[in-house]
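A.B. asks: Dropping a prediction and its sequence here:
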Amino acid sequence: MYSSKLYRGLLACVLFLLLSQAGRAQQKIIYGHVKDAHSEEPVPFASVRFSNTTVGKLTDSSGHFLFTLSKWPADTLEITCVGYQPFRVLLTGAKDSLQVNILLERGTFNEGAQVKTRINKGLFVWRKIVQHKPENDRYRFSNFSYELYNKLELDLKNINFEKFGRFKPLKPISDLINQNIDTTEGVRYLPAYLTEVISDYYYQKNPKRRREIIRAANTNGVKNESVIKLLGGTDQVVNVYNNFILVFDKQFISPASDNGDYYYNYRVADTQLVAGQRYYHLIFTPRRKGSDTFEGDCWVHVGSFAIQRMNLRLGKDANVNFVEDLSLIQEYSRINDSTWFLAKDKFVADISPAGKDRPGFIGRKTTTYRNIIVNDSSVVNELNKNKLQEEIITLANAAEKDRSYWADSRHEPLSKTESSIIRMIDTLTNAPVFQRFTNTINFIGTGYKNIGNFQIGPWFNWVTSNAWEGLRIRFDLGTNQHFDKRWWWHTYLAYGFKDRKLKGKGELFYLPKKHPRLYFYGSYTNDLDFGQNYYGEVTADNVFALAIRKPNIPIKFLKIAEKRFEFFHESRTGFSKLLAITHKNFTPLQNLIPKDSFSLVSSGDALSNFEVSIKLRFAYLEKFLENTFFRTSLGSPYPIGELFISRGIAGVFKSSYTYTKVSASISDYMKIPPFGSFWYYVYGGKTFGTLPYPLLDVAPGNELHYYNKYAFNMMNRWEFVHDKYAGVNIEHNIGNGIFRLFPKLRFRQFWTAKALWGSLTEANKTLNFVNGHNFQTLDGKTYLELGTGIDNIFHVFRVDFIWRVLPSTLPKTGDKTFGIFGSFRLAF
């Protein structure tokens, strides 16, 4: 619907001629451009009228309007449009010629006269959109390709550095930032990140294959190749014809959903004629508060019922955290007489974690599409180069393109503001005072601080306390990417003032190849065992752990001396092998069977083992966020499977046990809209051999009031031991659930289930059930925990209510069948 560049040029020429003649003819001329204040996209067919008169018109399809009059009909020009607040331009004292840029603030789509008719025209148009999906959805084609231009800008907002600039040590950073802040409509913006990506994208429907070649990347701010890949076209697919649209990890119901009439109210506001083609203006609003729905409008071509332009925004009652405002715009154009294809999409999100008018940030992503090819053999030929179903390739010189390349290759020129952002980001990031400030913020948030070529932290492990060591202090030192980009080493020393023992760890990591990943790792550890350590969970070696321990549970202490070597290799298919060689010595210290209780039949040491293991893992199309050395998984669209096999060998380094262990697991995280998300983890294993309890399979218990996703929260550590076991963990996040009745609370509902089956051979019972120590085994019975709770309390807190359902009789005095656990969860 947007006018071409030629049209805009002609309009500018006409405006110039009119303005140049205005003085002679004494004409009154006003020229304007109406835009959405949030997305900065033009507002087509807005009503522009002089107050209390019949003089008025609509903006054109690109949001422009022009009046040429002999005199002002009224002293006020009023601009109105459905979904926006009215805007008034006061003309008193105005010049004979006037040019205005108008930004309309969001209003409600429920305004306007409601005309009762026998046929709901809005429902009629919606049904026709659904009926014609097979002819209009771009994924109907067997294959297609296009050149894609992606631009992402991130700005900090509502930053008031004058206040903390009064604190003398922060005054230099305050002065520097205030010099580079942009003020737009009274809101203060500090540019933080701007990146542009140009790529060639290829898609085939059957068999499904995707390929993207990133030809150029211009990054200002944080530079990270894994981030650039995520900003390409492969991971930025929004299709308004789908039944659900993914926004911030939540599946929202599309207004074009097959079941849209259950979630939305539809009405036709008007029809407009553009370039000889007629379009319906369809308005949609949520039928229920607090549901995962949008509000907005779209323009629908009469005849083909293809969506030409879709404007989506979140309603004020949408259950999304931290998002103050959101705009999602998609435009379609014809590539021939009958084929509609995506031409542009734009995503603008206003994130305010601390609330409105507080510091936050605004993200703007604009994507345009050129050189579209559909159902062509050239697309198939390019996709035949794929070794995987999906490949993203960044060319070697992609980040080295000069300014002239970008000036010629951008689909649209940078605005004046965007051009100045590059200069401002460069000024800020190269200023020493700003670097010191960001390093301090990073140290507080992550716990780590870079000092030259070295890194210290995490600070939250520096000072802790426990019953065995008393006050414990620890200091970590490691290298960073400035020391070397392939080698990384880290060590720490810890000291307990009660046991008067020095502990520590040293580790060395070598990464010769990142894609596909290949590394070598070696470590030596001599420290206490602080329990299962899962990503994102709290362990006992933490300054916060002491305050959230469960009362009246004897604390078990076990010391481990471990030597470890690893070799890891991963293929492009997502299949990885981890070969490990370990030698461990266990020393029970408190509330566990002592070391001298285990007699030996060989010359080895008690509780000492030497083990060779291999771990096989398959995670197809798994994505990662990477830094120089390490990476964090962003998940896979498919289930992830693991197989672990280990062999204990007696007689090596005074090891005493020969055994074989086999275990396997499969896990998956799935979106099941409109019923939320579902995660499961199924696992099992068996140990062949007679072993002391540290080498058996100890069920993961939790002795903290902080909820642990992977452990049995109503089970204590070292409570159940097995040599054969199987289990399943399930978590279903429903979304609003019953809290839909109280939309203002924005609470979310979930339920969990964790089951375990296990057994222990008589030989292992005889060896380990000694001295009255009350280890337990399930002996084939079921251990079951069921839970539910409230998530999203104040946007970050989660409370779990857990019941220990089975075994039905508790064998130990003091065990409880019900517990309440808390945790922090950051999620949109």
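C.D. replies: Here it is on my side, so go on.
A.B. asks: helix, strand or coil for the closest residue to Arg631 other than its chain neighbours?
C.D. replies: Distance criterion C-beta to C-beta, 6 or more residues apart in numbering; nearest residue to Arg631, sequence neighbours excluded, is Phe624 at 4.1 Å. The way it works is simple: take the backbone N, C-alpha and C, and place the C-beta from them, glycine included. With DSSP: H, G, I helix; E, B strand; the rest coil as the basis, Phe624 sits in strand.
A.B. asks: Return the residues in contact with Phe624.
C.D. replies: Counting by C-beta atoms under 8 Å, 6 or more residues apart in numbering, Phe624 touches 226, 631-634.
A.B. asks: Output the below-cut-off pLDDT ranges for the stretch 401-550 of the chain.
C.D. replies: Counting by pLDDT under 70, the stretch 401-550 of the chain contains low-confidence residues at 531-547.
A.B. asks: That one: strands as residue ranges?
C.D. replies: 449-451, 454-456, 463-466, 470-479, 487-496, 501-513, 518-528 (DSSP state E, counting those that start in this stretch).
A.B. asks: these two touch, right, Ile425 and Ala192?
C.D. replies: Yes - with contact defined as C-beta atoms under 8 Å, Ile425 counts as touching Ala192 (7.2 Å).
A.B. asks: Please report phi then psi for Glu570.
C.D. replies: phi -130, psi 140 (degrees, to the nearest 10).
A.B. asks: wait, isn't it in contact with Arg517?
C.D. replies: Yes - in this structure, Glu570 is within contact of Arg517 by C-beta under 8 Å, at 4.3 Å.
A.B. asks: residues touching the nearest residue in space to Leu745 that is not next to it in sequence, list them.
C.D. replies: Once flanking residues are discounted, Leu745 sits nearest to Phe739: 5.9 Å by C-beta to C-beta, 6+ apart. Neighbour list for Phe739: 290, 745-749, 790 [criterion: C-beta under 8 Å, 6+ apart].
A.B. asks: and Ile335, backbone torsions?
C.D. replies: According to degrees, to the nearest 10, Ile335 has phi -100, psi -10.
A.B. asks: re the thing from before, who wins for most neighbours among the contacts of Phe624?
C.D. replies: Ser226 (17 neighbours; other C-beta atoms under 10 Å).
A.B. asks: quick one, what contacts Ala275?
C.D. replies: No residues are in contact with Ala275 under the rule C-beta under 8 Å, 6+ apart.
A.B. asks: hang on, the earlier thing: tell me which of the strands of the stretch 401-550 of the chain lies nearest to Leu91.
C.D. replies: strand 449-451 (58.4 Å; C-beta to C-beta).
A.B. asks: out of Glu570 and Arg517, which sits in the busier spot?
C.D. replies: Set side by side, Glu570 and Arg517 show more neighbours around Glu570, with 20 against 16, by other C-beta under 10 Å.
A.B. asks: quick one: the residue nearest to Arg631 from Lys503, how far?
C.D. replies: 32 Å (C-beta to C-beta, to the nearest Å).
A.B. asks: cool, Tyr201 as well?
C.D. replies: 53 Å.
A.B. asks: Just want to know which of these two has more residues nearby.
C.D. replies: The neighbour comparison of Tyr201 against Lys503 (other C-beta under 10 Å) goes to Tyr201, with 22 against 19.
A.B. asks: Touching, the more buried one and Asn143? I think so.
C.D. replies: No - using C-beta under 8 Å, Tyr201 makes no contact with Asn143, being 11.3 Å away.
A.B. asks: Helices along the stretch 1-150 of the chain, start to end?
C.D. replies: 5-25, 121-131, 133-136 (DSSP state H, counting those that start in this stretch).
A.B. asks: Lowest average confidence across the ones you listed, which one?
C.D. replies: Ranked on mean pLDDT, the bottom entry among these is helix 5-25, at a mean of 48.
A.B. asks: Asp350 and Leu314 touch, don't they?
C.D. replies: No - if you go by C-beta under 8 Å, Asp350 and Leu314 don't touch, sitting 10.0 Å apart.
A.B. asks: Now the common contact residues for those two.
C.D. replies: Joint contacts of Asp350 and Leu314 (C-beta under 8 Å, 6+ apart) are 323, 325-326.
A.B. asks: ok, those residues vs Arg370, which is closest?
C.D. replies: Distances from Arg370 to the shared contacts of Asp350 and Leu314, taken by C-beta to C-beta, are shortest for Leu326, at 26.5 Å.
A.B. asks: Just list whatever residues bridge to that closest one.
C.D. replies: Ala349 (DSSP bridges).
A.B. asks: Relative to Asn466, how far out is it?
C.D. replies: 46 Å.
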